[in-house]
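In: Show me the folded form of this:
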Amino acid sequence: MILASGGAGFIVSNFEFDWLEKSDEEVVSFDELVCIPSGTRQRIKCV
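Out: Numbering: from 1, shown residues only. Coordinates of the predicted model:
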């Protein structure tokens, strides 16, 4: 299992997508969501 902090950010969310495509291991992602960039909600919603 991978624990990813800052999961709503551009770099970490792309890492998570890549990891999920290539591995059967789970990803647990968390983020405080204080400053949400444009488009982030759609990017993390589909996971």
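In: quick one: average confidence on stretch 14-27?
Out: What stretch 14-27 shows for mean pLDDT is 92.
In: hmm, who's touching it?
Out: Where contact means C-beta atoms under 8 Å, 6 or more residues apart in numbering, the residues beyond stretch 14-27 that reach it are 1-2, 4, 7, 29, 47. The way it works is simple: take the backbone N, C-alpha and C, and place the C-beta from them, glycine included.
In: So what's the gap between it and the chain middle?
Out: Per C-alpha atoms, centre = their mean, to the nearest Å, the displacement of stretch 14-27 from the mean C-alpha position of its chain is 9 Å.
In: Quick check: buried residues in it?
Out: Buried residues in stretch 14-27, counting neighbours by 16 or more other C-beta atoms under 10 Å, are found at 15-16, 27.
In: how near is Asp18 to Glu26?
Out: Asp18 sits 14 Å away from Glu26, taking C-beta to C-beta, to the nearest Å as the criterion.
In: got it, and Ile2?
Out: For Ile2, the distance to Glu26 - C-beta to C-beta - is 7 Å.
In: With that, I have no additional questions.
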